[in-house]
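**Student:** Mind looking at a prediction? Sequence and model below.
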Amino acid sequence: MRARHEIRVNQLPDSLDPDAHEVTATGMALTRELISAERKFIHVLLRDGKITDEIRRRIERDLDLEEASLANREYRKIPL
């Protein structure tokens with residue numbers, strides 16, 4: 001799931017036309033949805049005993065950092 005997310009993020013252009021802000025907002029919204037879906041999935045894996053709590057914490061830390069980076073981009077109006 002993470003690899004798919006990275007591929008999607010990398011498919012967006014480095015710089016977007018300011019008139020195309022809607023594309024950037026859509027990309028950021030999609031990224032937030034993917035992070036949310038990943039969080040739900042790792043909790044299912046933990047519940048089913050397929051990952052340990054330590055692994056869940058590591059993954060959630062990465063997701064937290066990704067969310068913080070996204071919030072910073074939104075604040076600074078930097079495209080994905």
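**Tutor:** Done, it's in.
**Student:** From the contact counts, what lies against the lengthiest helix in the chain?
**Tutor:** In the chain, assigned by DSSP state H, the helix with the most residues is helix 21-47. On a contact count with 3 or more CB pairs under 8 Å, 6 or more residues apart in numbering; DSSP states H and E, helix 21-47 meets helix 2-11, helix 53-76. Using the backbone N, CA and C atoms, a C-beta is placed for each residue, glycine as well.
**Student:** The last one: which residues count as buried?
**Tutor:** Spelled out, that is helix 53-76. The neighbour-count check on helix 53-76 (16 or more other CB atoms under 10 Å) flags R56, I59, L63, E66, L70, R73 as buried.
**Student:** does the second one really touch E38, like I thought?
**Tutor:** Yes - under the criterion of CB atoms under 8 Å, I59 lies in contact with E38, with a separation of 7.4 Å.
**Student:** Just the closest of the buried residues of helix 53-76 to K50, please.
**Tutor:** For the buried residues of helix 53-76, the residue nearest K50 by CB to CB is R56; the value is 10.3 Å.
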